[in-house]
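Peer 1: Provided below are the primary sequence and the corresponding predicted coordinates.
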Amino acid sequence: MPVSFRETSAWISLISLLGVFGFYFTVVGRALGAGPIPPPAFLGEYIAAVILLVVVQVVLHVIAAIATRTTGGDMETARDEREKLIELKSNRFGYFIIL
């Protein structure tokens, strides 16, 4: 069964976020466990993590777009009811966390 670009894109986003920021928070947690450090000390690492995340996602999305290319164009197909419901629930949960 072929995997759609939307599904591949969602997995890329989830795994790259968990990987990059999981590593970042592991490094920060270990440093904070060693003793008190002022918060600006991790600004450079945070900026590097964001840049790395952007690069990883762009590269993987380009690869996914090439790999999942179909004649009909996956992104042109209409989203079904299940996809819309999943998006609404995830947005509600995400906005709750942000607030």
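Peer 2: Looks like it came in fine.
Peer 1: In the chain, spot the helix with the most residues.
Peer 2: helix 5-34 (DSSP state H).
Peer 1: What's the first helix or strand after it?
Peer 2: Sequence-wise, the next helix or strand downstream of helix 5-34 (DSSP states H and E) is helix 43-67.
Peer 1: Enumerate the positions of that next one that are buried.
Peer 2: By 16 or more other Cβ atoms under 10 Å, the buried positions in helix 43-67 come out as A49, L52, L53, V56, Q57, L60, H61, A64. Bear in mind the C-beta positions are built from the backbone N, C-alpha and C, glycine included.
Peer 1: For F23, see how far away the residue nearest the centre of the chain is.
Peer 2: The C-alpha lying nearest the average C-alpha coordinate of the chain belongs to S13 (Cα atoms, centre = their mean; 2.8 Å). Computed as Cβ to Cβ, to the nearest Å, the S13 to F23 distance reads 16 Å.
Peer 1: What about the residue of the chain most remote from its centre? Give its phi and psi, please.
Peer 2: With Cα atoms, centre = their mean as the measure, the chain has its most outlying C-alpha, relative to the mean C-alpha position, at G35: 30.5 Å. Per-residue torsions, G35: phi 160, psi 170 (degrees, to the nearest 10).
Peer 1: Appreciated, that's everything.
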